[in-house]
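J.: sequence first, then the predicted structure:
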Amino acid sequence: MFQESFEELRRKASACTLCPLSGTRARAVFGEGPENAPVMLVGEAPGATEDRTGSPFTGRSGKLLTALLDGEGLPREKIFITNMVKCRPPENRLPAKGELAACRPFLAAQVARLRPRLLLSVGNVPTRDFLSSREGITTLRGRFHTCLWQGIPLTVRPLFHPSYLLRNRSFAEGTPGHQTVRDIREILRFLMEAIPGF
Ligand code: SF4
C-alpha cells in the first residue's frame, strides 16, 4: 500500500502507467473531498466527463447522485468521492480484473488514510469488491454491512449506480429511485447518530 500524502498520491496517479488505462485516459481522476471526511463514496470508474474535468461523478449520472444526496441533506462537500480505478476505461466499459488489481493500492491508501466511518459503494463493482461477494447490488443494497477490506475494518452501505437510475427514471414506490432515496435517508440517520454534530 502507498504511504504518501494525498497530494503525492494524486501526482503519482496522474503519471501512473501501471495498467493499460493509462494509454487511453486524458486525465487520472484521483478523487475529491475533505481529507478528513467521515464518509467516503466509491464508484466504478471515471466516465467521459470525469476524464475531461478530472473530477469524479460530474457527468449526467454524477449530477443525479449529487442532486439526490443534496436533496436529502447530505451535500457532496462532506464526502470524499473517488472510484475503484482512477482512469477511464474506453467506451465506459467496466474496469477489468487486472486494472482493478493494479489500481487497488491507490484506493487502499485513500481508505487507510481516511478511515471513513461509513463507505458508500456505488454499483456492483465496488460493492462486490468491498464485501468480497458475488451477489449483485439488488441483493446487497438496503442494509449496512461490516467487513474487513485490505485489513481495514469498514461499514459499507451499497447504493444503486446513478446510471442505472437514469435508465429507470421513476421514483414511484418500489422503484430503484425510490429505494435509493430511502437508502440515503437511512445513511444520513446513521451518520447523525454515529458522528456528533454531523
Ligand atoms: S487506472 Fe490506476 S493503475 Fe491504471 S493507469 Fe490509472 S492510476 Fe494507474
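T.: Received, thanks.
J.: what parts of this protein come near the ligand?
T.: For the chain, the residues found near the ligand under the criterion Cβ under 6 Å from any ligand atom are 13, 16-19, 21-22, 28, 85-87, 99, 102-103, 106. Where you see a C-beta, it was placed from the backbone N, CA and C, and this is true even at glycine.
J.: quick check: PyMOL command selecting the buried ones in the residues you listed.
T.: Buried residues among the residues of the chain next to the ligand (16 or more other Cβ atoms under 10 Å), as a PyMOL selection:
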select buried, resi 13+16+18+19+21+22+28+85+86+87+99+102+103+106
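J.: quick one: which of the residues of the chain next to the ligand sit in helices?
T.: 13, 99, 102-103, 106 (DSSP state H).
J.: which one's the longest strand in the protein?
T.: The strand of greatest length in the chain, counted in residues with DSSP state E as the criterion, is given as strand 152-159.
J.: what does that one contact?
T.: The contact list for strand 152-159 (Cβ atoms under 8 Å, 6 or more residues apart in numbering) reads 108, 111-112, 115-123, 127, 130-131, 137, 140-141, 143-148, 180, 183-184, 186-187, 190.
J.: same thing with stretch 96-109?
T.: Here stretch 96-109 has contacts from 1-4, 9, 12-13, 16, 18-21, 30, 42, 82, 84-87, 89, 95, 125, 129, 150, 152, using Cβ under 8 Å, 6+ apart.
J.: give me that answer again for 7 Å
T.: Contacting residues not belonging to stretch 96-109 are listed as 1-2, 9, 13, 18-19, 21, 82, 84-86, 129, 150 [Cβ atoms under 7 Å, 6 or more residues apart in numbering].
J.: got the buried residues for that stretch?
T.: Neighbour-count burial for stretch 96-109, with 16+ other Cβ under 10 Å as criterion, is recorded at 99-100, 102-109.
J.: and which of those residues is nearest to K78?
T.: Each of the buried residues of stretch 96-109 was checked against K78 using Cβ to Cβ; the closest is L107, at 19.8 Å.
J.: could you measure from the closest one over to L165?
T.: For L107, the distance to L165 under the criterion Cβ to Cβ, to the nearest Å works out to 24 Å.
J.: let's have the buried residues of stretch 96-109 in TSV, adding pLDDT.
T.: What follows is the buried residues of stretch 96-109, written out as TSV (pLDDT from 0 to 100):
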residue	pLDDT
E99	98
L100	98
A102	98
C103	98
R104	97
P105	97
F106	97
L107	98
A108	97
A109	96
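J.: tell me which two in those residues are the farthest apart.
T.: For the buried residues of stretch 96-109, and using Cβ to Cβ, no pair is farther apart than E99 and A109, which are 16.9 Å apart.
J.: which pair in the ones in helices among the residues of the chain next to the ligand has the greatest spatial separation?
T.: Of all pairs in these, the most separated under Cβ to Cβ is A13 and E99 at 13.2 Å.
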